[in-house]
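Undergrad: sequence unknown, structure follows:
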């Protein structure tokens, strides 16, 4: 039983990592309805290239950023109301994607690649 | 069937089931972000047009404001060092509505924070309708900054673009933008977009 659980865990983790390593997009929040002040974050990785907050329709005030794993400072933050808000990660930095809504009642999802 | 063989059979079945389940989860995630993936691919191939400038400052080099119309049907506006740089900050709207149904569409980019006093560089890029006479930035201390507009023809339509870098004196005092305001010839406000450091 123990062996089976380990095998299952390894398999799931491998698939998740492989999907990102293959150049895919990892959606870390949503699609869901957002409220003002609500935020979400991915896991830390040195491999992230960009962070996206995509909404159904435009005009919704929101932020995307990367937070480093040392000072927990925000880097390359972008705030706007576009249907897709986008920023990039600095090369060589271990960080996590973070997104935040500033208004209530819209649908959207946050992704990193 | 021996006990050992049965254990391996169970493990194999569990493996297949897990594979299927994990695949479905991954597929669902890809499906949810399908639009973003299409946009990412389209961004790579579409050319960028420089529509305004951002002066050097805060120890950082000059940058540009770039417009991009992609094959995925998006109009993107970027704050970037150059047209060839993959390190872009901004976003995209449907190409048929670059201003998102408004007269003004702005994008704030900053480094540091989230507390305002920890922000080391901050820039604003944006686009306004041709009918707008001026753009001002309302700061957290109540003062305003005038933004220079530059005419831009995009997709056969007339707009005005702008790029603006906030000064170190403001950032050191923890003073940041709270709103971007579009005004008409009489100075009357015609559109407003809230903004600011998002701590």
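TA: Here it is on my side, so go on. Fair warning: this is a prediction, and the values are worked out from it, not measured in the lab.
Undergrad: Please make it C-alpha for all contacts and neighbour counts, starting now.
TA: Noted.
Undergrad: Flag the shaky bits of the chain, pLDDT-wise.
TA: This is for chain A. A:1-23 (pLDDT under 70).
Undergrad: my bad, the chain I had in mind was chain B
TA: Using pLDDT under 70, chain B drops low at B:1-34, B:199.
Undergrad: all strands for it, in order.
TA: Here chain B has its strands, by DSSP state E, at B:49-54, B:63-69, B:74-80, B:89-94, B:104-112, B:119-129, B:134-139, B:144-147, B:150-154, B:157-165, B:177-183, B:189-194.
Undergrad: can you put those in TSV and add mean neighbour count?
TA: Below are those laid out as TSV (neighbours: other C-alpha atoms under 10 Å in any protein chain shown):
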stretch	mean neighbour count
strand B:49-54	21
strand B:63-69	24
strand B:74-80	25
strand B:89-94	26
strand B:104-112	24
strand B:119-129	24
strand B:134-139	21
strand B:144-147	15
strand B:150-154	16
strand B:157-165	21
strand B:177-183	22
strand B:189-194	17
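Undergrad: For the ones you listed, could you give me TSV that also reports distance to chain A?
TA: Below are those laid out as TSV (distance: least, C-alpha to the nearest C-alpha, whole Å):
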stretch	distance to chain A
strand B:49-54	16
strand B:63-69	14
strand B:74-80	9
strand B:89-94	4
strand B:104-112	4
strand B:119-129	9
strand B:134-139	14
strand B:144-147	17
strand B:150-154	17
strand B:157-165	14
strand B:177-183	11
strand B:189-194	8
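Undergrad: which residue is nearest the centroid of chain B?
TA: Nearest to the geometric centre of chain B sits residue B:90, at 1.9 Å (C-alpha atoms, centre = their mean).
Undergrad: can I assume that one is in contact with residue B:78?
TA: Yes. If you go by C-alpha atoms under 8 Å, residue B:90 and residue B:78 touch, sitting 4.7 Å apart.
Undergrad: hang on, the earlier thing: with distance to residue A:96 as new columns, can the strands of chain B be given to me in CSV?
TA: As requested, these are arranged in CSV below (distance: least, C-alpha to C-alpha, whole Å):
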stretch, distance to residue A:96
strand B:49-54, 28
strand B:63-69, 26
strand B:74-80, 21
strand B:89-94, 17
strand B:104-112, 15
strand B:119-129, 19
strand B:134-139, 30
strand B:144-147, 33
strand B:150-154, 35
strand B:157-165, 26
strand B:177-183, 26
strand B:189-194, 26
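Undergrad: Just tell me which of those strands ends up closest to residue A:90.
TA: Smallest distance to residue A:90 across the strands of chain B (C-alpha to C-alpha): 11.1 Å, for strand B:104-112.
Undergrad: Can you show me the strands along chain A?
TA: With DSSP E as the criterion, chain A has strands spanning A:26-34, A:39-41, A:50-55, A:62-68, A:74-80, A:84-88, A:95-101, A:106-112.
Undergrad: who wins for proximity to residue B:160 among those?
TA: Evaluated over the strands of chain A, closeness to residue B:160 peaks at strand A:74-80, with 17.6 Å, by C-alpha to C-alpha.
Undergrad: Run a quick neighbour tally on residue B:175.
TA: Applying other C-alpha atoms under 10 Å in any protein chain shown, we find 22 residues neighbouring residue B:175.
Undergrad: Backbone dihedrals for the residue nearest to it when sequence neighbours are not counted, both of them.
TA: Residue nearest to residue B:175 in three dimensions, not counting chain neighbours: residue B:140, with 5.6 Å by C-alpha to C-alpha, 6 or more residues apart in numbering or on different chains. Torsion angles at residue B:140 (phi, psi; degrees, to the nearest 10) stand at phi -70, psi -20.
Undergrad: do the same with residue B:95
TA: Residue torsions, per degrees, to the nearest 10, at residue B:95 are phi -60, psi -30.
Undergrad: Surely it and residue B:71 touch.
TA: No. Between residue B:95 and residue B:71 there is no contact under C-alpha under 8 Å: 9.7 Å.
Undergrad: mind giving me the domain split of chain B?
TA: Annotated domains of chain B cover B:3-32, B:36-194 [automatic domain parsing].
Undergrad: Could you pull up the residues touching the nearest residue to residue A:103 once chain neighbours are set aside?
TA: Here the nearest residue to residue A:103 in space, its sequence neighbours aside, is residue A:36; by C-alpha to C-alpha, 6+ apart that works out to 4.2 Å. Taking C-alpha atoms under 8 Å, 6 or more residues apart in numbering or on different chains, we find residue A:36 in contact with A:101, A:102, A:103, A:104.
Undergrad: same thing but at 10 Å, please
TA: Contact analysis of residue A:36 by C-alpha atoms under 10 Å, 6 or more residues apart in numbering or on different chains lists A:61, A:62, A:100, A:101, A:102, A:103, A:104, A:105, A:106.
Undergrad: Select from these the one having the most neighbours.
TA: residue A:62 (27 neighbours).
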